[in-house]
Every structure is written in C-alpha cells, then in structure tokens.
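Participant: can you look at this prediction? I've put the sequence above it.
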Amino acid sequence: MHAVPIEIAQRGSPLQSIEIADFSGGMVTSMPQNGLSDKYFAAIYNMELEINGLLRVRNGFRPFDASNGESVLPGVPVSICLEDRSGTVTALAHLASGSVQAWNSLLASWSEIKTGYDADDKGAEFLKYTVNAAEDILFYNGTDAPQRWSGEAASADMGLSNVFTLPTVTDTAAIGRGLQITSGGPMLCYKYTAFYDDSGTTTKYGESACNSLTKEITASTAGLRKFTHTIATLPTGVSKLNVYRAPLNVPQGPYRYVGSLTATTPLEDIMPFGQEGVELTVFDGAMPVLKHAAVAGGRIVAIDGDIPSKVIWSQPGMPDVFPELNYAYLPEDGTGVAVFNGNVFVFTRNTVYMLDGSNFEAANFIKMCDKGCVSHKTIQDVGSGLVWLGIDNVYWADFNTRGADGDFPMPIGEPIKDQILEIRPSKASKAASAFVGNKYYLIFPGLSQDECTTTLCLNTIRGLALLPMGGGWTSQGWMASDLAVKDGVLYSMDRETKYIYTHAYPDDILSYADYTGNARTPIPVSIETGWVTMGAEWFHKLVHSVSVAAETSQTELVVEVVARDKQSNELRGTIPITLGSTLAAMDENVLVWDIGEWAPDEGDLGLQWAVDTRRIHASHKRFKKGLKGLWCKLIIRSSDAQDMRLLYVKPYFRVIPQAR
C-alpha cells in the first residue's frame, strides 16, 4: 500500500490522527469494547476479510441455476449437496418430507430420486466417493440403509450389486495341468464377486462383495480334472465375475482367487491346490447404517448408525464390504469423522481420536485430545489443519502444534465465544460449515433458536496468524440451514424461501445482490470500532474530521462518530461522505491506493484500475462543531455497499488539556 500526504489547512493547535487500516483482528463480540486493540472491531457486518487485511463486501447471491427457470424446491429442504454431472453442476436436496430431489438443468425442474427417506431434523449427509476420475454420491441418515446416486434414481446397492445368477460349472478331464482328484465324490466350493468397470463414465467402484450363495460341485471321478465356469449374461455395468475357491471338502473356506469369466470367455479352473491367489473377504451381511462418514484410502470410515459409539470401516475400494473385525469403540457417541494428512480423525463431543491411515487396526486407534466436536458438518480441512466447532469454542489443529494448555487444538473462536456458548446443546448438531477461498463459513442456531440463524465468516489465513487469540471473524447478513461447495463456489440453502443460493456475484452490479425473486436487493454494510483512546487517555479530545479511502464504484458512505466523556455520556455526530470527488475539490490528507496495475485518468484521484471499473476514492470531511470526549468510537456504514473494499478510516482530533 502507498500513501501520498497532502496538507490540511487548519487553525489552532495541530491536528493528530489515528489511521485504522488493519482490519485483520476482525469482529470481537466476547470482550468489552474498551479493551479492544486497534485491529479488532466491535462489529463487522456483511463484509469479509481479505488476505491483505482489508475488508471487502461479501458476495451477492441468487437462486441456483436461476437462468434456467424456477428452481424453488417442492418442499422444505434440510440438507443439500452440489455435484458435477456430465459437465454440469447439479444439486441434491433432502426435504423434511423424506423426499430426496435432484435438479435437472436441461428440464429446469426437480425430480425425486428417493422417497420416504427419514429426514429427522438435520437431513441426510452426502459423501462423494471417487474412483478412476468418476464420482458418485452416497447419502445416509443414520437410520436407513445408505443410498447411492450416479445420475438416475438412488439405489441401496452402492453400485456394486452382488445379486446375479451363479455360473454353470461342468467337470471334465484335464490334460497336462489341472486339479488332481484322488477319488470320486469330493466337493469343490466356489464364491463369486462382480467386478464393475465402466471406464469412469458413471462411476462403478470395482469389486463387489461376494454373492451370498455358494456354488458346490462334486467331482465325478478321480484323476486330473478341470472345472469350467460359464454364464450367459452379466449384470449391467459388470465386466467380469471373479472366482474364488475353497480347499477340497472345506466349504467354510478360506476362499482364494482362481480367475475370472465373462459372458464370452469361460473360466477353466485348472489351478492346482495350494497355488491360488488372494483370499476373499467374505461379507454376506447387509450394508450397515452409516452416520458421519469420510473416505480414506478408498475406504468408507463412519460411525455405526445402530451403535453410535462404534467406528466401522469398509474394505479398500469396496464401500459395501464392512468385515466384522473392522471396528473400534469410543467412550461416548461419535459426532464426526474427518481425514487429514492421510489419517482419520474421529470426534466425540469431548474428545478426538485418530486412526492410522496406513494401518486400519483397532490397536492404532489412539486418543489425540480432549476438545471434541458438536457437529460433523462443521469439520473442515483448511490446508494447514482441521477446523471444527466445539462445545465452547471453534478449534484449529494440525495435531503437531500444541496450545498453551498442552493440548493439540488451538482455540480460534475467542472473539465470538459468547455466541458459541449461547447455542443450545440439543440443537448444536445442526451447525454446519463450508471452506472456500481460504474462508471458513460457519452457521449455527443463535440464542434460544431451533434453526441456524447466525452466519459468520473467518479468513483462516489472517485468523490463524493471530493465534492464540484468533481473529478474522466477520458477520454475514444472510442465514442458511446448510452449506455446500463445488468448484470453488459457495452454495447455501434457505428453509424459508426453499431455494439453494449461489454466492458468486462480486463484480456484476446488476447481479450483485440477494435474490428472492428477480430484483436486485442492496447490500448494507457496517463496521464499528471499539472505544479508541486518542492521545493521552485522561485528556479530552475534540474530534475534528474524518478521512475515508475505499476502492469502489459507488459514491457515498456514512461515517458516524460517537464521543464519550469520563461520566460515559455520549455525543453522536454523523457525516455523509461522498467518495469520488475530483482532486481539485478535495480537502484530503492522504491518498491511498492498493498495489496493482494502474492506468492514468484525469478524473477522480488521477488513478484507476487498468482492467476494472472500481477506483480508489478518498475523501475528507469535518464535523461542523466537532465532538469532545475522552474516547471515540467510529461507525462506518452504507445502505448499498455494492463492490466496496475499505482501505482505511482516519479520524483527526485535537487534545484539550484539562485537570483530572
């Protein structure tokens, strides 16, 4: 940032000034306003903190895919997911009625993909499962069987159905190489799995669980024999059946790989005993009910919906195969699961545990810290660590850096701790979050509220730089019941309007708005400092004037100054400041412009963006009579901030010596 001083014509004693240009501390609501340092603020509304420490108006939003018609949902939504399908971003929504809907952008309408799926009061959670650059959505509610969606109706088979007709097996003599049968009558047992391989067009995950049936065949005679497996047709999406064989006369197994067959290529099993391949994980059970899940190393790791204190995980690449020994117990119910640096972190309300991502064994399930999570949806990987909402704070941890108390998590929600403590424990699980553009968005039910009414935004880079106090929080002027991110864009869901909104309109003034219909709505902003001590604390000051600089295409800000005396009496003065005055007409002390590529222009300040309609505007204006007090509070507001980036606010004052 650069500054060019310009003298102010003045009478009497010299003016002093305070430049407020570092907003990185963000909003602090949990501390007395007279205890704030100059980088912390009593309130910041409808603005977000940038990496450079400046404040910018948050994005406007409009209904998802509004250009294709009416996208209002056919019922009250409780949870959402955004997804790419054939190159087009689409949306999934779980309604309070139990219906799960998918948006069809071509038809510009919603269609039901699942009915009667219990929504509870939080809705289903959605999990993206990716193999070979293709992606499916699994959704689950902790009560019913998980469902899979890949563009059509949802299905409970996870895309790896093991229901198919068993092959026909014939026993014939072998020549040269085969199975040596010593006498007639011994029994061979086979099991089969379906291998899905559609080259990534509609995501199939690979190998299914084994078919629940076992093929048994009795050798007809002694000697060198071969057992030929044939099948007329394969299920849709299945490229082959894998064949596993048990030892002679041992139907309980173990079953080991002997080959595969297709509808056109039979399998001749001539694999000698003892030379079989890998052992089959036999899992004939139903897909477990899932709650709070994540994907790690091709496995689904989740809380068991039937036993909430139990953690379970699938076989790699097999999301419907959960062997009986793949589990570990928690001391209390699990509240969340997340993956960071290849390891799995499992949360309860009071603790965090880790599963070694390279060795999924219960023996490697270790306790990491004593600060848990109240809602799975608030856990986000922000690159440098995990961030989550706890009982009494928002925490960050890389599970390497320890806080002042020796525990791993660092509290980063101290500035807004009072709001967190107001969340009712019974409603805390409704809290949700999103991470996009280095910003962590957090929604939660406010004081005595059943639904999410508070939306906060944390710039994680600026906030984490201010540890252990934390900082970088701002308040957002919109409410949501759930959040989602796709391709670097934030989406929110509103239960009242029944819309999913796209938060991606920062520059187009005609679209830079809150949309409930098709008309633009202004975005009001306000920034309020704490009580600023100007000069010596026990001397009164006369607040003379204020300078403001902003990068914007709008014209007017209102700056309000509140002065307080020793007896806490308050005097309030308001100055409407018009930005964009010409250089000749300005009474300005400092002109400020941001770092960037500039082109000369005779209007405004003689400077403007080479590729942008926004310009740096700076104006200076004085109060008619001034305001006298010991302390000063500044309130900067605009009824329609549009695209404003605030660079600095600078009050000028004179010290008035007086006896104490």
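Facilitator: Noted; the coordinates are in hand. Just so it is clear, the structure is predicted and the values come from calculations on it, not from any experiment.

Participant: which residue is nearest the middle of this structure?
Facilitator: A434 (2.8 Å; C-alpha atoms, centre = their mean).

Participant: do you know how far it is from T401?
Facilitator: Distance, A434 to T401, using C-beta to C-beta, to the nearest Å: 24 Å. For every residue, glycine as well, the C-beta is placed using N, CA and C.

Participant: follow-up on the earlier one: list the contacts of the residue nearest to the centre of the chain.
Facilitator: 380, 440-441, 483-485, 490 (C-beta atoms under 8 Å, 6 or more residues apart in numbering).

Participant: could you dump those residues to TSV with pLDDT?
Facilitator: As requested, the contacts of A434 are exported to TSV (pLDDT from 0 to 100):
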residue	pLDDT
Q380	96
Y440	96
Y441	97
L483	95
A484	94
V485	93
L490	94
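
Participant: farthest-apart pair in the residues you listed, please.
Facilitator: Pairwise distances among these were taken by C-beta to C-beta; the largest, 14.2 Å, belongs to Y440 and A484.

Participant: so what's P63 bridging to?
Facilitator: Y501 (DSSP bridges).

Participant: ok, it - contacts?
Facilitator: Contacts of P63 (C-beta under 8 Å, 6+ apart): 71-72, 499-502, 515.

Participant: who wins for neighbours among those?
Facilitator: I500 (27 neighbours; other C-beta atoms under 10 Å).

Participant: isn't it right up against T90?
Facilitator: No - using C-beta atoms under 8 Å, I500 is not in contact with T90, being 10.5 Å away.

Participant: mind checking the end-to-end distance for stretch 526-545?
Facilitator: From its first residue to its last, stretch 526-545 covers 19 Å (C-alpha to C-alpha, to the nearest Å).

Participant: burial count for the closest residue to K291 other than its chain neighbours?
Facilitator: Closest residue to K291 apart from its sequence neighbours, by C-beta to C-beta, 6 or more residues apart in numbering: G142 at 3.6 Å. Using other C-beta under 10 Å, G142 has 21 neighbouring residues.

Participant: next up, the contacts around G142.
Facilitator: Contacts of G142 (C-beta under 8 Å, 6+ apart): 120, 289-292, 303, 305, 308.

Participant: pick the one among those closest to D418.
Facilitator: Closest to D418, out of all of these and judged by C-beta to C-beta, is H292, at 27.7 Å.

Participant: so how far is the helix or strand hosting that closest one from its chain's centroid?
Facilitator: Using DSSP states H and E, the element containing H292 is strand 290-296. Relative to its parent chain, strand 290-296 has a centroid offset of 15 Å by C-alpha atoms, centre = their mean, to the nearest Å.

Participant: by contact count, what packs against it?
Facilitator: Applying 3 or more C-beta pairs under 8 Å, 6 or more residues apart in numbering; DSSP states H and E, we find strand 290-296 packed against strand 125-131, strand 134-140, strand 299-304, strand 334-340, strand 343-348.

Participant: so what strands line up beside the third one?
Facilitator: Meaning strand 299-304. In its sheet, and by DSSP bridges, strand 299-304 pairs with strand 290-296 (antiparallel), strand 310-313 (antiparallel).

Participant: ok, now the second one?
Facilitator: If you go by DSSP bridges, strand 134-140 pairs up with strand 125-131 (antiparallel), strand 147-149 (antiparallel).

Participant: quick one: average pLDDT of that strand?
Facilitator: For strand 134-140, mean pLDDT rounds to 81.

Participant: let's see it as CSV, backbone CA atoms only.
Facilitator: Taking Å, rounded to 0.1, in the frame of the first residue of the first chain, the C-alpha atoms of strand 134-140 are listed here in CSV:
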residue,chain,number,x,y,z
ALA,A,134,-15.7,-40.6,-11.9
GLU,A,135,-17.8,-39.6,-8.9
ASP,A,136,-20.9,-40.9,-7.2
ILE,A,137,-22.8,-39.6,-4.2
LEU,A,138,-23.6,-41.7,-1.2
PHE,A,139,-26.1,-40.3,1.2
TYR,A,140,-27.1,-41.7,4.6
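
Participant: could you number the chain from 565 rather than 1 from now on?
Facilitator: Yes, from this point I'll number from 565; that puts the last item at strand 698-704.

Participant: gap between that strand and the chain center?
Facilitator: 16 Å.

Participant: now it: buried residues?
Facilitator: Buried residues in strand 698-704, defined by neighbour count with 16 or more other C-beta atoms under 10 Å: 698-704.

Participant: can I get the residues you listed in JSON lines with distance to E1120?
Facilitator: JSON lines is the format used below for the buried residues of strand 698-704 (distance: C-beta to C-beta, whole Å):
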{"residue": "A698", "distance to E1120": "52"}
{"residue": "E699", "distance to E1120": "47"}
{"residue": "D700", "distance to E1120": "51"}
{"residue": "I701", "distance to E1120": "47"}
{"residue": "L702", "distance to E1120": "51"}
{"residue": "F703", "distance to E1120": "48"}
{"residue": "Y704", "distance to E1120": "51"}
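
Participant: ok so, going back, could the helices and strands packed on strand 854-860 be laid out in CSV, adding distance to G949?
Facilitator: CSV is the format used below for these (distance: least, C-beta to C-beta, whole Å):
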stretch, distance to G949
strand 689-695, 21
strand 698-704, 26
strand 863-868, 19
strand 898-904, 7
strand 907-912, 10
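
Participant: of all those strands, which one is nearest M1043?
Facilitator: strand 689-695 (20.6 Å).

Participant: what mean pLDDT does the closest one get?
Facilitator: On average, strand 689-695 scores 81.

Participant: make a ChimeraX selection of the buried ones in the contacts of G706.
Facilitator: Applying 16+ other C-beta under 10 Å to these, the buried members can be selected in ChimeraX as follows:
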select :853,854,855,856,867,869,872
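
Participant: can you put the contacts of G706 in JSON lines and add pLDDT and distance to L671?
Facilitator: Output for the contacts of G706, formatted as JSON lines (pLDDT from 0 to 100; distance: C-beta to C-beta, whole Å):
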{"residue": "D684", "pLDDT": "79", "distance to L671": "30"}
{"residue": "V853", "pLDDT": "92", "distance to L671": "33"}
{"residue": "L854", "pLDDT": "94", "distance to L671": "31"}
{"residue": "K855", "pLDDT": "93", "distance to L671": "33"}
{"residue": "H856", "pLDDT": "95", "distance to L671": "34"}
{"residue": "I867", "pLDDT": "96", "distance to L671": "37"}
{"residue": "G869", "pLDDT": "93", "distance to L671": "34"}
{"residue": "P872", "pLDDT": "95", "distance to L671": "40"}
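
Participant: just the closest of the contacts of G706 to K994, please.
Facilitator: Out of those, the member with the shortest distance to K994 (by C-beta to C-beta) is D684, at 10.3 Å.

Participant: show the contacting residues for that closest one.
Facilitator: 642, 705-707.

Participant: filter those residues down to just the buried residues.
Facilitator: If we count by 16+ other C-beta under 10 Å, these have these buried: 642, 705-706.

Participant: need the contact list for the closest residue to R913 other than its chain neighbours.
Facilitator: Spatial nearest neighbour of R913, chain neighbours left out: G936 (4.7 Å); criterion: C-beta to C-beta, 6+ apart. Shown in contact with G936 (C-beta under 8 Å, 6+ apart): 899, 911-916, 954-955.

Participant: may I see those organised as CSV, with pLDDT, distance to N775 and neighbour count added?
Facilitator: Formatted as CSV, the contacts of G936 follow (pLDDT from 0 to 100; distance: C-beta to C-beta, whole Å; neighbours: other C-beta atoms under 10 Å):
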residue, pLDDT, distance to N775, neighbour count
T899, 97, 36, 26
F911, 97, 37, 29
T912, 97, 38, 20
R913, 96, 41, 19
N914, 96, 43, 15
T915, 96, 40, 18
V916, 96, 39, 26
G954, 97, 45, 22
I955, 96, 47, 15
